[in-house]
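Novice: Provided below are the primary sequence and the corresponding predicted coordinates.
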Amino acid sequence: MPPARPLLAAALVAALSTATASAAAPVTLSASQEKAMGIVLAVAKPASNAPVAALPGAVTPPLNGRRVVAAPFAGTVMRVHVLEGQAVKAGAPLVTLFSREALSLSSELIQNQAELRVAEASARRLQQLASEGVIAGARAEEAQARLAQARAMVNERRRLLSGAGGASGEYVLRAPAAGRVAAITAQPGGGLEAMAPAVTLDSADRLWVEAHVSPEIARKLKVGYPMRVGDVSGRIVALGASIDSKTRSLPLRAELSATGGLAPGQTVTLTLLSPAPAAAQAIPRGALVQDHAGARVFVKTAAGYEARPVTVAGVAGAEAVVTGLSSGARVAASGASQLKSALGH
């Protein structure tokens, strides 16, 4: 046996339509009639922004918020000190490697240090002789140049070996800044080529969202306009100027004000917003009725339900922003089609 509720709602609509002599006359419904017609009320709330579009996007780290820590020498991974998702401080050890290149460079550093000591002694001696007039000053200047060259060689070797463990051939890759481990390429026992990435760090707690928008939507947006992902708000930080020949769209990047439990790589739906007109109100999208006569909502007043014409400022997802309603107006968020028939619209 078919359920009685749809039949009851249809009968109510037919009765109300017959009883409504004027399209402008409000319709009074009892609580049981509202329930039978599936009417649920929502309150119009002031809106400062209007939705432009709801689009799929991907969460990414900020463009310059990701740091790649590379191995300066080819070598074998001895130990990995961190895990994905782990927060690290600046200078924290990330990976320990053994490298024959580092071992060879350590030996070269020892030799360069010895050469530096000889150059320093020679420069001091020749400078003294030059000041006494025993030798020409040019010879002392040449000695100073050789000293500077020897010192530069030692400093360069020390810089390259800044993480190396003496003459053992082991060296440690350290975090260049505080952050969170996003990816680990190095694996214990595996090899790494020189300048190959070992660990990737996200050095900021901020997140971005990347999406592609059509030219029609892009014309309604500007850098700085608000957006949101769920309950997390944000703003547009970049909007492309050139249309991609394959997708026929423009790239868009937005910065979120908080992470909101989101993670890089996550697929989300972002709602793009623009400033709303004065006195705009936010209502559920289901409250809108749009046809050749325009857009209307059904407002419950003391006299009953009546249709109110509105101007749509924006619609996206489950939300609509309109003008032509007063703040606090109670609108039919569902059951609008039944009310439309009952009011003769």
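Specialist: Okay, I see it.

Novice: didn't Lys221 look like it was pressed against Leu270?
Specialist: Actually, residue 221 is Leu rather than Lys. No - Leu221 is beyond contact range of Leu270, at 11.8 Å (criterion: CB atoms under 8 Å). For glycine as for every other residue, the C-beta is placed from the backbone atoms N, C-alpha and C.

Novice: which one of the two has more residues nearby?
Specialist: Per other CB atoms under 10 Å, whichever of Leu221 and Leu270 has more neighbours is Leu270, with 26 against 19.

Novice: any idea which element that one lies in?
Specialist: strand 267-275 (DSSP states H and E).

Novice: work out the gap between stretch 193-203 and the centre of the chain.
Specialist: Offset of stretch 193-203 from its chain centre (CA atoms, centre = their mean, to the nearest Å): 22 Å.

Novice: bridging residues for the residue nearest the centre of the chain?
Specialist: Nearest to the mean C-alpha position of the chain, counting by CA atoms, centre = their mean, stands Trp208 at 1.1 Å. Residues in a beta bridge with Trp208, per DSSP bridges, are Thr60, Glu255.

Novice: for Val59, see how far away it is.
Specialist: Here Trp208 is placed at a distance of 7 Å from Val59 (CB to CB, to the nearest Å).

Novice: where does the protein dip in pLDDT?
Specialist: 1-24, 160-168, 342-345 (pLDDT under 70).

Novice: now the nearest residue to Gly328 once chain neighbours are set aside: how far from Ser326?
Specialist: For Gly328, ignoring the flanking residues on the chain, the nearest one in space by CB to CB, 6 or more residues apart in numbering is Val43 at 6.0 Å. Going from Val43 to Ser326 by CB to CB gives 11 Å.

Novice: the two: which has the busier surroundings?
Specialist: It is Val43, of Val43 and Ser326, that has more neighbours when counted by other CB under 10 Å, with 13 against 10.

Novice: neighbouring contacts of the host helix or strand of Asn155?
Specialist: Using DSSP H and E, Asn155 sits within helix 137-160. Outside helix 137-160, the residues that touch it by CB atoms under 8 Å, 6 or more residues apart in numbering are 72, 105, 108-109, 112-113, 115-116, 119-120, 122-123, 126-127, 129-130.

Novice: give the buried residues for it.
Specialist: For helix 137-160, burial by neighbour count (16 or more other CB atoms under 10 Å) applies to Ala140, Ala143, Arg146, Leu147, Ala150, Met153, Val154, Arg157, Leu160.

Novice: and what of stretch 225-245?
Specialist: So, applying 16+ other CB under 10 Å, buried residues of stretch 225-245: Tyr225, Pro226, Met227, Arg228, Val229, Val232, Ser233, Gly234, Ile236, Leu239.

Novice: quote the end-to-end distance of that stretch.
Specialist: End-to-end distance for stretch 225-245: 26 Å, by CA to CA, to the nearest Å.

Novice: give me the contacts around it.
Specialist: Under CB under 8 Å, 6+ apart, the answer for stretch 225-245 is 49, 57, 59, 208-209, 212-213, 215, 218, 221-224, 249-260, 262, 268-275.

Novice: what are the ranges of the helices in the protein?
Specialist: 4-19, 31-36, 100-131, 137-160, 215-218, 336-343 (DSSP state H).

Novice: the ones you listed: which one's closest to Ala302?
Specialist: If you check each of those against Ala302 by CB to CB, helix 31-36 wins as the nearest, at 15.2 Å.

Novice: tell me the contacts of Gly179?
Specialist: Here Gly179 is in contact with Arg67, Ala87, Val88, Leu201, Asp202, Ser203, Ala204 (criterion: CB under 8 Å, 6+ apart).

Novice: again, 7 Å this time
Specialist: Gly179 makes contact with Arg67, Val88, Leu201, Asp202, Ser203, according to CB atoms under 7 Å, 6 or more residues apart in numbering.

Novice: next one: Val95
Specialist: Per CB under 7 Å, 6+ apart, neighbours of Val95: Val77, Val80, His81, Leu173, Ala186, Ala198, Val199.

Novice: make it 10 Å
Specialist: By CB atoms under 10 Å, 6 or more residues apart in numbering, Val95 lies in contact with 69, 71, 75, 77-82, 163, 171-174, 184-188, 192, 198-199.

Novice: please apply the same query to Ser327.
Specialist: The neighbourhood of Ser327, defined by CB under 10 Å, 6+ apart, consists of Val43, Ala44, Lys45, Pro46, Ala47, Ala279, Ala280, Gln281, Ala282.

Novice: narrow those residues to just the buried residues.
Specialist: Among the contacts of Ser327, those classed as buried by 16+ other CB under 10 Å are Ala44, Ala47, Ala280, Gln281, Ala282.

Novice: and which of those is nearest to Lys300?
Specialist: Ala44 (11.4 Å).

Novice: can you tell me the closest non-neighbouring residue to that closest one?
Specialist: Here the residue nearest Ala44, using CB to CB, 6+ apart, is Gln281, at 4.0 Å.

Novice: what's the distance between stretch 273-292 and the middle of its chain?
Specialist: 28 Å.
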